[in-house]
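> got a predicted structure plus its sequence, pasted below:
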Amino acid sequence: MTGEMRIADYLAAGGKLTAPDNAPPRYRAELLRLMATFVDSTLAGAAGFADTINAGPGIPERIAAARIVMEKTRNAGHVLALMGDFGADTGRYVGNHPWGARLSRAADIGARRGDHDMRLAVFNYPLQGWDDAVVMNLLMGHAAVIQLRDLERVSYQPLARLFGEIAPVETRHRDLAAAGVTRRHEQGADRGALQQSVDYWWPRVAVSFGGASAERQALLAAFGLRHATGADQLAEWSRTAAAALDGLGLAAPASA
């Protein structure tokens with residue numbers, strides 16, 4: 001049995017890795033893909049939200065938005081540093097992608113990624129003002145909390161520890177978005193417009209849980225890089241996000 005096969009069997013049995021040296025090539029490729037998806041999605045999300053900071057209706061809202069952008073960018077930097085351990089050119093990485101690039105609002109690309117980076121499809125769509133940005137961050141915040149719960153269990157221990165530190169930060173971002181929606185209600189925001197944003201973003205956030213074939217999902221599970229299925233995560237998100245919206249006077253789309 002080759003060393004690579006032994007490590008693959010070790011991982012399939014629940015083993016953990018602590019350094020790049022013992023990572024077999026396919027595991028290394030999938031781990032880097034996972035990290036790149038997180039980094040690219042986080043940097044693209046931060047870039048989009050940064051453009052809305054000055055649209056905040058008050059100083060507290062702008063401070064909260066700036067803090068979210070700063071913390072997301074910092075989290076991306078921490079994971080990018082781990083990619084550097086595997087040979088990624090971290091010096092060129094951040095400046096090499098158009099993080100602020102967006103499609104038209106009317107575009108519908110499903111779960112497809114763009115040609116320029118590994119961001120989740122949802123981060124290819126533009127925000128339309130403060131209320132729309134807060135709604136998107138609320139829905140995506142609920143998704144991120146669920147996804148990070150699984151990522152905290154990845155078999156590459158340095159990354160698992162890092163995701164464990166990132167998870168409470170993302171939970172706080174979700175809660176800030178919920179508080180932001182509440183605040184907009186108090187300020188007399190148009191509930192119809194808020195609901196339109198929910199209807200727009202709901203299906204685009206939902207596809208963030210899909211995309212992996214059964215074969216690839218099984219491989220990721222064997223490598224300890226995935227535990228929950230996308231279908232299970234989507235079901236949980238649909239329940240928790242719908243309950244959160246209901247508590248805020250909004251509703252999940254009828255077709256959800």
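That came in fine, so what should we check first?

> what is the neighbour count of residue 95?
Neighbour count of residue 95, defined by other C-beta atoms under 10 Å: 7. (Glycine included, C-beta is placed from N, CA and C.)

> and it, how far from residue 46?
To residue 46, residue 95 is 15 Å away according to C-beta to C-beta, to the nearest Å.

> just residue 240 next, same as before
Look at residue 240 and residue 46: by C-beta to C-beta, they are 23 Å apart.

> have a look at these two and say which one is more surrounded.
residue 46 (21 against 15).

> tell me the spacing between the more buried one and residue 65.
Distance from residue 46 to residue 65, by C-beta to C-beta: 10 Å.

> again, but for residue 104
For residue 104, the distance to residue 65 - C-beta to C-beta - is 24 Å.

> who's more crowded, those two?
Shown here are residue 104 and residue 65; by other C-beta under 10 Å, residue 65 has more neighbours (23 against 9).

> count the residues that sit near residue 69.
19.

> OK, contacts around it?
Residue 69 sits next to 46, 49, 50, 53 when contact means C-beta atoms under 8 Å, 6 or more residues apart in numbering.

> what helix or strand is the nearest residue to residue 166 once chain neighbours are set aside located in?
The shortest distance from residue 166 to any non-neighbouring residue, by C-beta to C-beta, 6 or more residues apart in numbering, is to residue 75 (4.9 Å). Here residue 75, judged by DSSP states H and E, is contained in helix 59-85.

> give me the contacts around the following helix or strand past that helix.
Next along the chain after helix 59-85, taking DSSP H and E as the criterion, comes helix 90-93. Helix 90-93 is contacted from outside by 39, 80, 81, 83, 84, using C-beta under 8 Å, 6+ apart.

> what mean pLDDT does the helix or strand harbouring residue 235 get?
Using DSSP H and E, residue 235 sits in helix 230-247. Average pLDDT, helix 230-247: 96.

> before we move on, what about stretch 116-129?
94.

> contact partners of that stretch?
33, 36-37, 39-41, 43-45, 48-49, 51-52, 55, 97-99, 101-105, 107, 109-114, 133, 136, 140, 197, 201, 204-205, 207-208.

> rerun at 6 Å
With contact meaning C-beta atoms under 6 Å, 6 or more residues apart in numbering, stretch 116-129 is reached by 36-37, 40-41, 44-45, 48, 52, 55, 97-98, 102-103, 105, 109, 111-112, 114, 133, 204-205, 208.

> and these, which are buried?
Taking 16 or more other C-beta atoms under 10 Å as the criterion, what is buried in the contacts of stretch 116-129 is 36-37, 40-41, 44-45, 48, 52, 55, 97, 102, 111, 114, 133, 204-205, 208.

> restricted to helices, list those residues.
For the buried ones among the contacts of stretch 116-129, the ones inside helices are 36, 37, 40, 41, 44, 45, 48, 133, 204, 205, with DSSP state H as the criterion.

> surely the fifth one meets residue 100?
No: here residue 44 lies out of contact with residue 100, judged by C-beta atoms under 6 Å, at a distance of 7.8 Å.

> can you check which helix is longest in this protein?
Max-length helix for the chain by DSSP H is helix 157-186.

> tell me the contacts of residue 141?
Here residue 141 is in contact with 173, 174, 177 (criterion: C-beta under 6 Å, 6+ apart).

> could you redo the last one with a cut-off of 10 Å?
68, 170-178, 205, 241, 244 (C-beta atoms under 10 Å, 6 or more residues apart in numbering).

> enumerate every residue touching residue 70.
So residue 70 contacts 46, 50 (C-beta under 10 Å, 6+ apart).
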